[in-house]
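Trainee: Everything below, folded, please.
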Amino acid sequence: MVYILIFLSLIFGCVIFLPPSSPSPTEGLLINSLLAQYNKLTRPIPSESIVLSVKMGMALLQIIDVNEKQQIITINTWLRLVWHDVNLVWNASEHDNISIVRIPSNLIWMPDILLYNMADEELFQSMHHRGSFINAYIKNDGTVLHVPPMILKSTCKMDVTWFPFDEQVCDIKFGSWTYSGLQMNLSLMENSTQSMDTSGYIPHGEWKLTGIEALRNEKFYECCPEPYVSITFKINIKRQSMYFFFNLIVPCLLIGFLAILGFTLPPHSGEKLSLGVTVLFSLIVFLNQIAESMPANSDNVPLLGTYFNCIMFMIASSVVSTVVINLNLRSSSNPKGMGATSQALIFNWLPWVLRMQLMEPHGNIVGLGSRLVKPGTKENDPSMEVSDIMMPLDEEKEGEKMQTKDFTEKPNDETTSAIRKFKKQWMYAAVVVDRLCLVVSIVFALISIAVLLVSTYA
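Mentor: Residues are numbered from 1 along each chain as shown. Here you go, the predicted structure:
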């Protein structure tokens, strides 16, 4: 009985510790037979005179980043490469009806497709190295399908003229690095959804994908008589401008409105100078924000930046004219007169264009509205100084001026009349310059708003 129990225990232990049955070795034997005499360094064609056809497509999954300053676009894609390998053909009926096998792509011949306009070589090499270990789908008729996922950084020529309502077209260009068109014919897949697939696209927060197209190009280089084929995927994107509209355009329009209001203040007003300088600094801040994100080239300049520069120029002109007027009216008791050209421009041509009444020969100013006094009033009496009309001085400052030597002696009537005339000329010049800046600002603002609305609608 003891021997019987020992015998049964041995049999039971052997049954428990028997190794499980191994899977069918047919697929492994098939792969080994396919790779036994395989040479991955030569094109898989029966004859050297035959052109190997490689079909290409791309699935765009995501636009990761668009760097306007460096003019680089980063995308997440799946490439699709299909070709026929005569060395990877087998009869499925002889191998348990196995019609598809998966083999690491680094074990078979691969087309040397590279991104021509790459912006980050290390990233591309890293992704290409990873892709070489991704399995390729191989059918029994020799058809090879390789779908490597890649994150690509490509150069993209930016046109920021209509920022922030701009549209960009970024080219993603692929091609063989060593094979000419007579050795490897690179073409697009027949099915448009396979050659340009956006079914799995993830929308970007700032850029909207408006379209994508693929083009096949042939180019002849001076070094070689044969053509070289490339495939270019054109990615059309449009900036979603809502964020920039509320954070950049609206403040810009408000600042421009304040700049226009500044031209309505009297030329001698201290508040006019303060408002002009404040608006000038505000425009500089917004202009710097635009310049930080724009490419540093001279090919194109944003119209918004041009608008800022024009407003800044007009405000600066108004501020400079205010400073010049005050210097000529306050710095000395004998203001310098204007040249003949300046007088003809300011006292004749500009008032006529701006529909302003001309200055009288004796220097009296009439017909300029509330900013200057009307003719016939007490303030328009020729015996009074312009500083008493438009820029009265307080008693303390006038007392300090009277302490100087120039004011200790009473000037004669001719000198006093000349001083009054010169002061009135400078004051009139300031009014004309302000009126010119006001008209130009209004016209420019209306044109800018019209262009803005047209751009938004388009």
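Trainee: Now name the helix or strand holding V454.
Mentor: V454 belongs to helix 413-457 when elements are defined using DSSP states H and E.
Trainee: could you pull out the helices for the stretch 151-300 of the chain?
Mentor: 192-195, 242-244, 250-262, 270-293 (DSSP state H, counting those that start in this stretch).
Trainee: in the stretch 201-350 of the chain, which spans are strands?
Mentor: Using DSSP state E, counting those that start in this stretch, the strands of the stretch 201-350 of the chain run over 207-220, 227-239.
Trainee: Dump the ones you listed into CSV; add distance to L436, mean pLDDT and mean neighbour count as well.
Mentor: No exception for glycine: its C-beta is placed from N, CA and C like everyone else's. CSV is the format used below for those (distance: least, CB to CB, whole Å; pLDDT from 0 to 100; neighbours: other CB atoms under 10 Å):
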stretch, distance to L436, mean pLDDT, mean neighbour count
strand 207-220, 42, 92, 14
strand 227-239, 36, 94, 19
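Trainee: Save the ones you listed as JSON lines, and put in distance to S105 too.
Mentor: Listed next are these as JSON lines, based on distance: least, CB to CB, whole Å:
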{"stretch": "strand 207-220", "distance to S105": "23"}
{"stretch": "strand 227-239", "distance to S105": "19"}
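Trainee: Nearest approach to V51 belongs to which of those?
Mentor: Comparison of the strands of the stretch 201-350 of the chain against V51 by CB to CB identifies strand 227-239 as nearest, at 10.5 Å.
Trainee: okay, the angle between that closest one and strand 207-220?
Mentor: Relative orientation of strand 227-239 versus strand 207-220 (axes from the mean of the first three to the mean of the last three CA atoms, to 10 degrees): 160 degrees.
Trainee: and strand 227-239, which strands flank it?
Mentor: Using DSSP bridges, strand 227-239 pairs in its sheet with strand 167-176 (antiparallel), strand 207-220 (antiparallel).
Trainee: tell me the pLDDT at F246?
Mentor: Here, the pLDDT recorded for F246 equals 87.
Trainee: how deep is it tucked in, by neighbour count?
Mentor: F246 is flanked by 10 other residues according to other CB atoms under 10 Å.
Trainee: go on, K272?
Mentor: 21.
Trainee: got it, and I98?
Mentor: I98: 16 neighbours (other CB under 10 Å).
Trainee: where along the stretch 51-200 of the chain do the strands fall?
Mentor: Along the stretch 51-200 of the chain, counting by DSSP E, counting those that start in this stretch, strands occupy 52-67, 72-84, 100-104, 113-115, 135-139, 143-146, 149-155, 167-176, 184-188, 196-197.
Trainee: Tell me which of those sits nearest to L446.
Mentor: strand 167-176 (25.3 Å).
Trainee: starting at the chain centroid, how far to the closest one?
Mentor: Between the centre of strand 167-176 and the centre of its chain there are 17 Å (CA atoms, centre = their mean, to the nearest Å).
Trainee: Stretch 312-319 too?
Mentor: Per CA atoms, centre = their mean, the centroid offset for stretch 312-319 relative to its chain is 28 Å.
Trainee: do stretch 79-86 as well
Mentor: 38 Å.
Trainee: Buried residues, it. List them.
Mentor: Using 16 or more other CB atoms under 10 Å as the burial criterion, the residues of stretch 79-86 that qualify are 79-85.
Trainee: can you check stretch 239-251 too?
Mentor: Quick answer for stretch 239-251 (16+ other CB under 10 Å): 239-241, 244, 248-249.
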